[in-house]
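**Student:** what shape does this take:
(2 chains)
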Protein chains: 2
Amino acid sequence: MTLPSLEDVKAAAHRIAPHVRRTPLLRCAALEDLFGAPVLIKAECLQRGGAFKARGAFSAVTALSPAQRANGVLAFSSGNHAIAVATAAQTFGVPAVIVMPADAPAAKLRTTRALGAEVLTYDRLTESREEIGARLAAERALPLIKPFDDPQVIAGQGTAGLELAEQVADMGLSLGQVLVCTSGGGLAAGIALAIDADPAGPTLLTVEPDGHDDVARSLRAGEILPNPPGVRSICDALLVERMGQLPFAILSQRGARGLTVSDAEVQDAMRFAARELRLVVEPGGAVALAAVLWGKAPRTIGATVVVVSGGNVDLPVLAEILAAAGG
Amino acid sequence: MTLPSLEDVKAAAHRIAPHVRRTPLLRCAALEDLFGAPVLIKAECLQRGGAFKARGAFSAVTALSPAQRANGVLAFSSGNHAIAVATAAQTFGVPAVIVMPADAPAAKLRTTRALGAEVLTYDRLTESREEIGARLAAERALPLIKPFDDPQVIAGQGTAGLELAEQVADMGLSLGQVLVCTSGGGLAAGIALAIDADPAGPTLLTVEPDGHDDVARSLRAGEILPNPPGVRSICDALLVERMGQLPFAILSQRGARGLTVSDAEVQDAMRFAARELRLVVEPGGAVALAAVLWGKAPRTIGATVVVVSGGNVDLPVLAEILAAAGG
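**Tutor:** Predicted coordinates:
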């Protein structure tokens, strides 16, 4: 198992620069008042496709030679990685075949199809997308772009970490910690690679839904532990069964720790994002913000960066959450 | 009447740089597909305070000497200028007295008070905020920072135009036209100053609510015409009785033209912004986007820039609009 390195993140940044956005790092006075220390929002919901996933997808697709990707690419995803791979495939004029759960948000299914991808659905509670993906990759002879357990995908997601480190420095601040919405661990691992030049450097905290906290438990136990089957959460983007081996190795090496938040805290964070940040954030994209709002993150000497991603939520669902009392 | 110049805009940009954000210029594939030409969103709802008004307020307050502002500043505003002036006053440690309509959105009243301003309310349909402002300025001996008919405020708003022109050039595009949400005309006039280096250059289109289209009518008539009293619109931020004299002179000189949109088109644009741009936009901030979505803007050879500002909308109102069918 060869782990990607900071050099791989820098190389990915160079390859994907024409295709992705440098997302803003927003300072929020209301959040700083609550937290009592500098807090900055890395607004990856403003990334192309509405989530950080564009970084990893373009990194992986540009790492393939034109011959390797000529017949198309294959991916499995709960939604945001699907949109990202379909966008990258469309950009390079090759077909995309995407395996998605049948209960993925309508907006995510619609967007992926609108990008020209062939979408195959499966039952998230009874079928394994990894098995379906492996079978299709063999049958159709297409390169499989895994959502997180892939060195080039991790390197691509890490470009968000390079950016936020630069942006924090440009503001004249030092980086104390980064809170990252986490499921398979690709984004968290990529950011850990990008920010960890200094061993006494910033800490990385993963954030997951309560009851679906395999990353937090795995990091504590020192081995990959699965989630119990059938757990439900409004965070549709964060419901993989277990984290990736590469992300686990990277995050373990770097001493990352895990936090969790409830669905109610997530909904409160979505309201806060709409009211104070003017950002639409999907449930899974709001967990790290929820952790800061609900006092689960430690205060550090340096600035706290909260990664907010993505923003693909069905409007009736968003409307119901915004209309609810509380927060 | 001395009109501000491009040099004043550049000077304002220098003064306010430490206090305001360089907001992103977002490309939106879904919008380009609909419009059939390059469209870029200048996301001023991500500006400090949630609207472009921070630019003008900081420009005006920094143009005052410390002695001139020592006793505080005074402003009248439907909300976003109130928040901006209160923020600038707080930054420089001086009091702010703000005259606001009693029916301003609760979020705007709450935010202004939370910034430490003294808020005085009036009845928008029966009282004149200009008269109240002039009386208070005399009584309290405070400098009045008008929301749009002030050279330094216009110069400050124009910094959004400097930024978007640079950002368009950085993308390798030429600027064809800019669509601007307009009420008093300060933002539109400032942007006109900033982008109009070339007489054969980009065109400026103001956008207003149907029935409250005094700017469009004034520009056509060659004289300032008022709105009929008592017109209602969901665009709370755009309901001034008549445009400013300075904005009228600047926009007339530069051949600006006016478009209008309905409340239903505005609500559709707010849904589009949430779904495709992941931005929370208030009704008055969405009029220019509505004009593009509903085919009211001409297609030009260069890129179309749509200014989207602000994002201060009460969540129950936003929820109701997002939940509605259509769009």
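
**Student:** wait, A:L34 sits on A:A297?
**Tutor:** No. If you go by Cβ atoms under 8 Å, A:L34 and A:A297 don't touch, sitting 11.3 Å apart. Where C-beta positions appear, they are placed from N, C-alpha and C, glycine not excepted.

**Student:** looking at these two, which one has more neighbours?
**Tutor:** Using other Cβ atoms under 10 Å in any protein chain shown, the more surrounded residue of A:L34 and A:A297 is A:A297, with 21 against 15.

**Student:** and the closest residue to that one other than its chain neighbours, how close does it get to chain B?
**Tutor:** The shortest distance from A:A297 to any non-neighbouring residue, by Cβ to Cβ, 6 or more residues apart in numbering or on different chains, is to A:A291 (5.2 Å). Note on A:A291: its distance to chain B, by Cβ to the nearest Cβ, to the nearest Å, is 20 Å.

**Student:** OK, contacts around A:A291?
**Tutor:** A:L179, A:L205, A:V207, A:L259, A:V261, A:E265, A:A297, A:V306 (Cβ atoms under 8 Å, 6 or more residues apart in numbering or on different chains).

**Student:** just to be sure, it is in a helix?
**Tutor:** Yes. Per DSSP: H, G, I helix; E, B strand; the rest coil, A:A291 lies within a helix segment.

**Student:** quick revisit: mind putting the contacts of A:A291 in JSON lines, distance to B:A106 included?
**Tutor:** Shown next, in JSON lines, are these (distance: Cβ to Cβ, whole Å):
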{"residue": "A:L179", "distance to B:A106": "30"}
{"residue": "A:L205", "distance to B:A106": "35"}
{"residue": "A:V207", "distance to B:A106": "31"}
{"residue": "A:L259", "distance to B:A106": "33"}
{"residue": "A:V261", "distance to B:A106": "28"}
{"residue": "A:E265", "distance to B:A106": "24"}
{"residue": "A:A297", "distance to B:A106": "30"}
{"residue": "A:V306", "distance to B:A106": "27"}
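
**Student:** what pLDDT does the model give the residue nearest to the spatial centre of chain A?
**Tutor:** Chain A has A:L187 as the residue nearest its centroid, 5.0 Å off, counting by Cα atoms, centre = their mean. You'll see A:L187 listed with a pLDDT of 98.

**Student:** go on, A:G36?
**Tutor:** A:G36 is assigned a pLDDT of 88 by the prediction.

**Student:** could I get the contacting residues of it?
**Tutor:** Neighbouring residues of A:G36 by Cβ under 8 Å, 6+ apart: A:R299.

**Student:** can you tell me how far it is from A:L259?
**Tutor:** To A:L259, A:G36 is 18 Å away according to Cβ to Cβ, to the nearest Å.

**Student:** so where's the stretch 151-300 of chain A shaky on pLDDT?
**Tutor:** A:197-200 (pLDDT under 70).

**Student:** closest point of it to chain B, which residue?
**Tutor:** A:R278 (3.1 Å; Cβ to the nearest Cβ).

**Student:** return the residues in contact with that residue.
**Tutor:** B:C45, B:L46, B:G50, B:L279, B:V280, B:V281, B:G310, B:G311, B:N312.

**Student:** surely the last one touches B:G50?
**Tutor:** Yes. The pair formed by B:N312 and B:G50 meets the contact definition of Cβ under 8 Å, at 4.6 Å.

**Student:** and the two? which has more neighbours close in?
**Tutor:** When neighbours are counted by other Cβ under 10 Å, B:N312 and B:G50 differ, and B:G50 comes out ahead with 30 against 27.

**Student:** up against chain B, what does the stretch 151-300 of chain A have?
**Tutor:** Counting by Cβ under 8 Å from any Cβ of the partner chain, the stretch 151-300 of chain A comes close to chain B at A:R271, A:A274, A:R275, A:L277, A:R278, A:L279, A:V280, A:V281.

**Student:** quick one: low-confidence parts of the stretch 1-150 of chain A?
**Tutor:** For the stretch 1-150 of chain A, counting by pLDDT under 70, not a single residue falls below.

**Student:** what about the strands in it?
**Tutor:** Applying DSSP state E, counting those that start in this stretch to the stretch 1-150 of chain A gives strands spanning A:25-27, A:39-43, A:73-76, A:96-101, A:118-122.

**Student:** filter the residues of the stretch 151-300 of chain A next to chain B down to the ones in helices?
**Tutor:** A:R271 (DSSP state H).

**Student:** of the residues of the stretch 151-300 of chain A next to chain B, buried ones?
**Tutor:** Buried members of those, scored by 16 or more other Cβ atoms under 10 Å in any protein chain shown, are A:R271, A:A274, A:R275, A:L277, A:R278, A:L279, A:V280, A:V281.

**Student:** which of those sits closest to A:A134?
**Tutor:** Nearest to A:A134 among these, counting by Cβ to Cβ, is A:V281 at 32.6 Å.

**Student:** so what's the residue count around the residue nearest to A:I83 when sequence neighbours are not counted?
**Tutor:** Excluding the flanking residues, the one nearest A:I83 by Cβ to Cβ, 6+ apart is A:G49, at 4.5 Å. Using other Cβ under 10 Å, A:G49 has 27 neighbouring residues.

**Student:** show me what contacts A:G49?
**Tutor:** Contacts of A:G49 by Cβ under 8 Å, 6+ apart are A:N80, A:I83, A:A84, A:T87, A:T111, A:G310, A:N312.

**Student:** what bridges to A:V39?
**Tutor:** A:T304 (DSSP bridges).

**Student:** wait, isn't it in contact with A:L293?
**Tutor:** No. The criterion here is Cβ under 8 Å, and A:V39 misses it with A:L293 at 9.8 Å.

**Student:** overlap in contacts, the two.
**Tutor:** Common contact partners of A:V39 and A:L293 (Cβ under 8 Å, 6+ apart): A:L31.

**Student:** neighbour-wise, which of the contacts of A:A291 leads?
**Tutor:** Most crowded among the contacts of A:A291, counting by other Cβ under 10 Å, is A:V306 at 32 neighbours.

**Student:** which neighbouring elements make contact with the helix or strand in which that one is found?
**Tutor:** Assigned by DSSP states H and E, A:V306 belongs to strand A:303-308. Under the contact definition 3 or more Cβ pairs under 8 Å, 6 or more residues apart in numbering or on different chains; DSSP states H and E, strand A:303-308 sits against strand A:39-43, helix A:151-170, strand A:175-181, helix A:287-293.

**Student:** deepest-packed of those, please.
**Tutor:** Most buried of the helices and strands packed on strand A:303-308 by mean neighbour count (mean count of other Cβ atoms under 10 Å in any protein chain shown) is helix A:287-293; its value is a mean of 29.

**Student:** output that one as PDB, nothing but the C-alphas.
**Tutor:** This file holds the C-alpha atoms of helix A:287-293, laid out as PDB (Å, rounded to 0.1, in the frame of the first residue of the first chain):
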ATOM      1  CA  VAL A 287     -21.400  18.400  10.200                       C
ATOM      2  CA  ALA A 288     -18.100  20.300  10.800                       C
ATOM      3  CA  LEU A 289     -19.900  23.600  11.200                       C
ATOM      4  CA  ALA A 290     -22.300  21.800  13.600                       C
ATOM      5  CA  ALA A 291     -19.400  20.600  15.700                       C
ATOM      6  CA  VAL A 292     -18.100  24.200  16.200                       C
ATOM      7  CA  LEU A 293     -21.600  25.600  16.800                       C
END
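
**Student:** if we can go back for a sec, between the strands of the stretch 1-150 of chain A, which gets nearest to B:P143?
**Tutor:** strand A:25-27 (27.9 Å).

**Student:** so what strands line up beside that closest one?
**Tutor:** Here strand A:25-27 has these sheet partners by DSSP bridges: strand A:39-43 (antiparallel).

**Student:** and the partner strand with strand A:175-181, angle?
**Tutor:** Interaxial angle of strand A:39-43 relative to strand A:175-181 (axes from the mean of the first three to the mean of the last three Cα atoms, to 10 degrees): 40 degrees.

**Student:** what about strand A:39-43, distance to the chain center?
**Tutor:** Relative to the mean C-alpha coordinate of its chain, strand A:39-43 is positioned 15 Å out (Cα atoms, centre = their mean, to the nearest Å).
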